[in-house]
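Asker: I'll drop the sequence and a predicted model, then ask my questions.
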Amino acid sequence: MKETAQQYIQRISGYAEGKQPLAIQAATAKRLARLIAGVSPARLRKRPAPDKWSVSEILAHLADTEIVGSFRMRLILGAPGTPIAAFDQDAWVVSGHYEKRDPRKSLEQFRMLREANLALLKSLTPEQWKHYGMHAERGQETIEHIVRMFAGHDINHLQQVERILAGK
């Protein structure tokens, strides 16, 4: 059973509950690099189950969602209240050929995009953190909420990568 938008928000934001979202985001690329250090590309591309993403696919997903988050935040900052499109992450895995992407290049793309996004976030005024867009599936989302969700999203995928590489 697929979770509802509200269940997704609760699950993902719950990972970052009581934590510093920007600190989580600043540490994610380095944590991922340590996790995959010395792991063969073949192992990174191996799915733990037919319906579960490989580490390589998770890294490609993180890079692509960082592009999405970057664009959404800039839309909101430029035009508060703007509509925010949803996307089907599973369709992107297929259409983006995640299984063929170089996992280390995906991680590097993620790292560079994340650094740019963190620089933007550090420059925001307190009022800008309250600017929001209207997500097509989840409703009103402020910059502050998006940042918390991305921190939870990072934790979720870091845990998945750890489990996959531990063989669990």
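Answerer: Sure, I can see it. Numbers count the residues shown, from 1 in each chain.
Asker: pretty sure residue 93 is touching residue 61, no?
Answerer: Yes - under the criterion of Cβ atoms under 8 Å, residue 93 is in contact with residue 61, at a separation of 6.9 Å. Placement of C-beta: from N, CA and C, glycine included.
Asker: shared neighbours, these two?
Answerer: Both residue 93 and residue 61 are contacted by residue 53, under the criterion Cβ atoms under 8 Å, 6 or more residues apart in numbering.
Asker: who has more neighbours, the two?
Answerer: Using other Cβ atoms under 10 Å as the criterion, residue 93 and residue 61 rank with residue 61 on top: 22 against 18.
Asker: now do the contacts for the more buried one.
Answerer: Residues in contact with residue 61, defined by Cβ under 8 Å, 6+ apart, are 53, 89, 92, 93, 98, 157.
Asker: tell me the buried residues within these.
Answerer: Neighbour-count burial (16 or more other Cβ atoms under 10 Å) is assigned, among the contacts of residue 61, to 53, 92, 93, 98, 157.
Asker: low-confidence ranges, this protein, go.
Answerer: 1, 168 (pLDDT under 70).
Asker: quick one: the strands in it?
Answerer: Counting by DSSP state E, one finds strands in the chain at the ranges 83-84, 132-135, 139-142.
Asker: in helices, which of the buried ones among the contacts of residue 61 appear?
Answerer: 92, 93, 157 (DSSP state H).
Asker: kindly provide the distance from residue 158 to residue 22.
Answerer: Between residue 158 and residue 22 the distance, using Cβ to Cβ, to the nearest Å, works out to 16 Å.
Asker: those two: which is more packed in?
Answerer: Neighbours around residue 158 and residue 22, counted as other Cβ under 10 Å, are more numerous at residue 158. The numbers are 19 against 15.
Asker: quick one on the thing from earlier: out of the ones in helices among the buried ones among the contacts of residue 61, which comes closest to residue 28?
Answerer: Proximity of these to residue 28 was ranked by Cβ to Cβ; the top entry is residue 157 with 8.4 Å.
Asker: now do the buried residues in stretch 116-132.
Answerer: Judged by neighbour count using 16+ other Cβ under 10 Å, the buried positions of stretch 116-132 are 117, 121, 124, 128, 131, 132.
Asker: turn the residues you listed into a markdown table, including distance to residue 34.
Answerer: Compiled in a markdown table, these are given as follows (distance: Cβ to Cβ, whole Å):
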| residue | distance to residue 34 |
| --- | --- |
| 117 | 21 |
| 121 | 24 |
| 124 | 29 |
| 128 | 33 |
| 131 | 34 |
| 132 | 35 |
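Asker: what's the closest of the residues you listed to residue 35?
Answerer: Looking across the buried residues of stretch 116-132 and measuring by Cβ to Cβ, the closest to residue 35 is residue 117, at 21.1 Å.
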